[in-house]
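Peer 1: Quick one: sequence and predicted model below, then my questions.
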Amino acid sequence: MGKLDQPISRREMFKMAAATGFGAALGLSGMRLFSSLETASMTRSENQFGRTNKVYSFYGSHQAGIDTPAQGHMVFAAFDVTAESRKELQDLLRTWSEAAARMCAGKQVGDHLTNRKLPPEDTGESVGLFPSGLSITIGFGPTLFNRDGMDRFGLAERYPTGLAEIPAMPGDALQPERSGGDICIQACADDPQIAFYAVRNLVRVSRGVAAVRWLQQGFLSTPQNQKGVAETPRNLFGFKDGTANIDTGNSQLMNQFVWVNGSDQPAWMQGGTYLVARRIRMLIEVWDRSSLDEQESTFGRTKLSGAGFGMKNEFDPVNPNFLPENSHVRLAHVEGTKILRRGYSYVDGIDPKTGQLDAGLFFISFQRNISEQFIPLLRRLAAHDALNEYTLHTSSAVFACPPGVREDGYIGETLFV
Ligand SMILES: C=CC1=C(C)c2cc3[nH]c(cc4nc(cc5[nH]c(cc1n2)c(C)c5CCC(=O)O)C(CCC(=O)O)=C4C)c(C)c3C=C
Ligand SMILES: [Fe+2]
C-alpha cells in the first residue's frame, strides 16, 4: 500500500486541517467529509448535520458529560463486572481511561494496520468523522461495592454516602434486566456514530472482565432561534424540557447541588457526583388523544411558549399557586433544593404486546446526594403527579461518578488509595 493510500488518524487529519484548511487536508487524504449540499458559508468546524470539531478532554477536575452542554446523541451502557480480583478491576479502569482519553481527543483507540493476521486495534468507523464533542462519563453502581453481601473487590468499606438505591415506587414497572449495573458508561456526542463507536470500543477492550448488562440510546434536538441562539429542547410530548434546570455555568449552584465537595464524605468522591437513570416510557398514543388544556394542566406550563401558568415568558419564575395541585412542575418545584437533569429522548420500536410505540425519556439526573435530593422528589411525583397517567418507569439505576481523571491517572483511582 502506498503512503498516500494509507488511512490517516483523526488526529493527523485535524492537525493537517489546522495547518492547511479542511479542503486541502481532505483532498490529500482522499476522505470526503463535506457533501455537495454544503456551502462556502458553512463553518469549517461543523458539517451539515451539525457534527462538530468540538473536543471535551477526558482529563480534568470533573468528568465531562455532566456540566458540559448536552450533545445531540447518547449511548448509555451498564456493565456487570466479571473480573475476579481488585487488580483486574483496576486494570480495566486503566484500559478504559486510556481508550476514552484517545477517543475524546479525536484519536483512534489503536492502530488499524499493525498486523493483518490479528483483529485491528480500532473498529474503524470513526475514521474521517469529526470528534463531535464526545464525552465519556463513568460511574460505579452499588453492586461494585457489595453484591449480595459479597465484597468482591475489597471496596465495601468505601461505599459512598451519597449513593442510595431507589426504593420501589407506586406505579413502577421496572425490568430487572434493564436496571442496575456495576459500572455505567455514558457516551454523548453530536454524531450518533461517534457515541456508539466509543461504547463499542470500550466494550471490546473489556472482553473477559466486564459484560454489557443493558444499553440505551437517546437523542436530543436543540432548536435555534432566528439569531442562532440555542433554545430549550422539547421532549416527545412537545413541551420545552429543561427550562428550570440548574445553570451549569453557575459554580455556586453546581457546588450546592451537584458536586461532592466541602465536608462531604467519602474523600475519594470529592469533585464527583451521583447519577440517577430512569427509563421512562411515555404513552404517546394516550397523550396524543388528550386535549391541549389537559396537556398543559399536566405540566402547569404553556405548551408553545413554555411559560408557567399565569406568566408570560418561558423563564419567568413559576408561582406554584397558579399551577394545578397535581401538576408536574408544581410537585417538582421544591424551594431550596434542585437536581441537574441531563436526559435524552428514546425510541425503541414498538411494544410487541400492544403494538404501541415504546418511546419516552431516558431521564438522567446528577446530584450531590441521592437520598436527600432525588428520592424525596421522586416520592412526591410517584404519589401525586398528573403525568403518571401518561408514563411508566421501566428501568432504574444509580451510580457514583468519581471526580475527573488527572493526566497519567485513571478513572476512579482515588477509590483504591
Ligand atoms: C424525579 C425527578 C423527575 C422525573 C422522574 C421527571 C420526569 C419527567 N419530566 C418531564 C417533563 C418536564 N419536567 C419539567 C420540570 C421538572 N422536572 C423535574 C424532575 C423530574 N422530572 C424537575 C426538578 C423539574 C423542574 C421543576 C422546577 O423547579 O420548576 C418540565 C418543565 C420545564 C422544565 O423546567 O424543564 C417538563 C416539561 C417528563 C416528560 C418526564 C418523564 C417522562
Ligand atoms: Fe420533569
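Peer 2: Right, received. Where do you want to start? Ligands and ions are numbered 1, 2, ... in the order given.
Peer 1: what's near enough to touch the closest residue to ligand 1 within the stretch 1-150 of the chain?
Peer 2: Closest approach of the stretch 1-150 of the chain to ligand 1 (CB to the nearest ligand atom) occurs at Ala70, with a separation of 12.6 Å. Bear in mind the C-beta positions are built from the backbone N, C-alpha and C, glycine included. Taking CB atoms under 8 Å, 6 or more residues apart in numbering, we find Ala70 in contact with 188, 220, 222, 233, 342, 344.
Peer 1: now Leu381
Peer 2: Residues in contact with Leu381 (CB under 8 Å, 6+ apart) are 328, 331-332, 387-388.
Peer 1: For it, pull up the helix or strand it's in.
Peer 2: For Leu381, the host element (DSSP states H and E) is helix 375-384.
Peer 1: Does the helix or strand following that helix reach ligand 1?
Peer 2: Counting by DSSP H and E, the next helix or strand C-terminal to helix 375-384 is strand 391-401. Yes - judged by CB under 6 Å from any ligand atom, strand 391-401 and ligand 1 are in contact via Thr391.
Peer 1: For strand 391-401, name the packing helices and strands.
Peer 2: Where contact means 3 or more CB pairs under 8 Å, 6 or more residues apart in numbering; DSSP states H and E, strand 391-401 is packed against strand 135-140, strand 183-189, strand 273-282.
Peer 1: List the neighbouring strands of the last one plus their orientation.
Peer 2: Using DSSP bridges, strand 273-282 pairs in its sheet with strand 357-367 (antiparallel), strand 391-401 (antiparallel).
Peer 1: Can you give the distance from it to the centre of its chain?
Peer 2: 10 Å (CA atoms, centre = their mean, to the nearest Å).
Peer 1: Restrict it to CA atoms and write it as PDB.
Peer 2: Provided in PDB are the C-alpha atoms of strand 273-282 (Å, rounded to 0.1, in the frame of the first residue of the first chain):
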ATOM      1  CA  THR A 273     -21.400  13.400  41.700                       C
ATOM      2  CA  TYR A 274     -24.200  10.800  41.800                       C
ATOM      3  CA  LEU A 275     -26.100   9.800  38.700                       C
ATOM      4  CA  VAL A 276     -29.700   8.500  38.600                       C
ATOM      5  CA  ALA A 277     -31.100   7.000  35.400                       C
ATOM      6  CA  ARG A 278     -34.800   6.100  34.900                       C
ATOM      7  CA  ARG A 279     -36.000   4.900  31.600                       C
ATOM      8  CA  ILE A 280     -39.500   6.400  31.500                       C
ATOM      9  CA  ARG A 281     -41.800   5.200  28.800                       C
ATOM     10  CA  MET A 282     -44.200   7.900  27.600                       C
END
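Peer 1: what about the next helix or strand after that strand and ligand 1, touching?
Peer 2: Where DSSP H and E defines the elements, the next helix or strand beyond strand 273-282 is helix 284-288. No - Helix 284-288 stays clear of ligand 1 (CB under 6 Å from any ligand atom), getting no nearer than 9.5 Å.
Peer 1: Quick check, central residue of the chain?
Peer 2: What sits nearest the mean C-alpha location of the chain, by CA atoms, centre = their mean, is Gln186, with 4.7 Å.
Peer 1: quick one, what contacts the closest residue to that one other than its chain neighbours?
Peer 2: In this structure, Gln186 finds its nearest non-sequential neighbour in Thr137, 4.3 Å apart by CB to CB, 6 or more residues apart in numbering. By CB under 8 Å, 6+ apart, the residues touching Thr137 are 63-66, 185-188, 275, 401.
Peer 1: Thr137 and Asn261, how far apart?
Peer 2: Relative to Asn261, Thr137 is positioned 18 Å away (CB to CB, to the nearest Å).
Peer 1: Show me the longest helix that occurs in this protein.
Peer 2: In the chain, assigned by DSSP state H, the helix with the most residues is helix 86-104.
Peer 1: List the buried residues of that helix.
Peer 2: By 16 or more other CB atoms under 10 Å, the buried positions in helix 86-104 come out as 88-90, 92-93, 95-97, 99-104.
Peer 1: in stretch 337-347, what counts as buried?
Peer 2: 338-346.
Peer 1: Give me the subset of those residues that also touch ligand 1.
Peer 2: Contacts with ligand 1 within the buried residues of stretch 337-347, as defined by CB under 6 Å from any ligand atom: Ile339.
Peer 1: Make CSV out of the buried residues of stretch 337-347 and add secondary structure, distance to Phe416 and pLDDT.
Peer 2: CSV is the format used below for the buried residues of stretch 337-347 (DSSP: H, G, I helix; E, B strand; the rest coil; distance: CB to CB, whole Å; pLDDT from 0 to 100):
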residue, secondary structure, distance to Phe416, pLDDT
Lys338, coil, 32, 98
Ile339, coil, 29, 98
Leu340, strand, 27, 98
Arg341, strand, 31, 98
Arg342, coil, 28, 98
Gly343, coil, 31, 98
Tyr344, strand, 31, 98
Ser345, strand, 37, 98
Tyr346, strand, 34, 98
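Peer 1: That's all I had, so thanks and see you.
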